[in-house]
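Chemist: just coords:
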């Protein structure tokens, strides 16, 4: 069985569990002892903060201890760090693109500049001091480095734009708002950058930047677009391409997140086999591309779940699995 280390495991129970079902031995690492994904893995470990000088060494120790063959960063927090440390984490394969790709895609303005330079449609975007007089309102003030739709503001006129640029506490950019329908495309590429599959989905409902409801779509234009964008960027492993279909037929890309997307369960249910592809790469295999081979019409609707823990007596926690007996029925008049 291939051992897989998930960094910044957090709440990504869906991903850790999917790899376990695919036959992996799962090892989840996080700073927070209450991170739910820790308790859905075969092994769990607490590690320092991602900006701690000992962070990579702690991951390397887990690679050696568990004979890890695949490292999967699950958030933007440490992706570039883990990617840059691939030699320290050998012989495990780091499922992430080169660090410069992670950094470029992590900075929304640098990503926009990359898209324009490589012939990928992208909404008109500027640094705050460069917004032209002919910019089409409404405009969006967007954080350059961030996730979860934090620090995004809509400005309907120049006065509002000036207000939000003064008020926002983060380094921002300004972008024209797209007019068409938004889509996400979940892609997966091999270690040579070939796109193995691209699965578009509708954005029926989103909350906090994450898809809550969506449907897999057999849309050849979006499939080919997602594959081309991924291969142009140099994606290795998973990525989520976010784009709009505009009234003029263009498909401007707003974001590319080079990791498993928040709506991972939908492409998984549609037949992506992305965990199996990742394990194959860790074994040195090269799966053949299967663009467009998935089930369309799969609808995802997400909900909250929970995990209850109890102290383990050693300063940690274990899942609380004891079931209470069913309440005894009381007949009328017996109370």
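Modeler: Cool, the structure landed. Bear in mind the structure is a predicted one, so any value in this text is a computation, not a measurement.

Chemist: Report the buried residues of stretch 285-293.
Modeler: Neighbour counts over stretch 285-293 (16 or more other C-beta atoms under 10 Å) mark 287, 289, 291 as buried. Any C-beta I mention is one placed from the backbone N, CA and C, and that applies to glycine too.

Chemist: Quote the end-to-end distance of that stretch.
Modeler: End-to-end distance for stretch 285-293: 20 Å, by C-alpha to C-alpha, to the nearest Å.

Chemist: Report the mean confidence score over that stretch.
Modeler: For stretch 285-293, mean pLDDT rounds to 96.

Chemist: likewise stretch 125-134?
Modeler: The predicted model gives stretch 125-134 an average pLDDT of 96.

Chemist: what's next to that stretch, contact-wise?
Modeler: Under the criterion C-beta atoms under 8 Å, 6 or more residues apart in numbering, residues 108, 109, 112, 135, 139, 161, 165, 172, 173, 174, 175, 176 lie in contact with stretch 125-134.

Chemist: Just the terminal-to-terminal distance for that stretch.
Modeler: End-to-end for stretch 125-134, by C-alpha to C-alpha: 12 Å.

Chemist: Dump the buried residues of stretch 285-293 into TSV; add secondary structure and distance to residue 128 as well.
Modeler: Converted to TSV, these look like this (DSSP: H, G, I helix; E, B strand; the rest coil; distance: C-beta to C-beta, whole Å):
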residue	secondary structure	distance to residue 128
287	coil	44
289	coil	41
291	coil	39
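
Chemist: Residue 83: which of those residues is nearest?
Modeler: Of all the buried residues of stretch 285-293, residue 287 has the smallest distance to residue 83: 21.4 Å, by C-beta to C-beta.

Chemist: Which ones among the contacts of stretch 125-134 map onto strands?
Modeler: Judged by DSSP state E, strands contain the following of these: 139, 172, 173, 174, 175, 176.

Chemist: tell me the contacts of the closest residue to the third one other than its chain neighbours?
Modeler: Same thing as residue 173. Excluding its sequence neighbours, the residue lying closest to residue 173 (C-beta to C-beta, 6 or more residues apart in numbering) is residue 109, at 4.3 Å. The neighbourhood of residue 109, defined by C-beta under 8 Å, 6+ apart, consists of 125, 127, 144, 173.

Chemist: same thing but at 10 Å, please
Modeler: By C-beta atoms under 10 Å, 6 or more residues apart in numbering, residue 109 lies in contact with 125, 126, 127, 142, 144, 145, 171, 172, 173, 174, 175.

Chemist: next one: residue 38
Modeler: Residue 38 is in contact with 6, 9-10, 13, 16, 27-30, 32, 44-46, 307, 309, 316-317, counting by C-beta under 10 Å, 6+ apart.

Chemist: Look at it and tell me its secondary structure.
Modeler: helix (DSSP: H, G, I helix; E, B strand; the rest coil).

Chemist: Number of residues surrounding residue 316?
Modeler: By the measure other C-beta atoms under 10 Å, the count of residues near residue 316 is 12.

Chemist: what's the spacing between it and residue 5?
Modeler: 19 Å (C-beta to C-beta, to the nearest Å).

Chemist: likewise residue 155?
Modeler: Distance from residue 155 to residue 5, by C-beta to C-beta: 43 Å.

Chemist: These two - which one has more neighbours?
Modeler: residue 5 (28 against 21).

Chemist: pretty sure the more buried one belongs to a strand, no?
Modeler: Yes - according to three-state DSSP, residue 5 belongs to a strand.

Chemist: what sits against it?
Modeler: Neighbour list for residue 5: 25-29, 41, 43, 45, 59, 62-63, 65-66, 68-73, 82, 89, 92, 94 [criterion: C-beta under 10 Å, 6+ apart].

Chemist: what's the neighbour count on the nearest residue to residue 104 once chain neighbours are set aside?
Modeler: Distance criterion C-beta to C-beta, 6+ apart; nearest residue to residue 104, sequence neighbours excluded, is residue 110 at 4.9 Å. Using other C-beta under 10 Å, residue 110 has 15 other residues around it.
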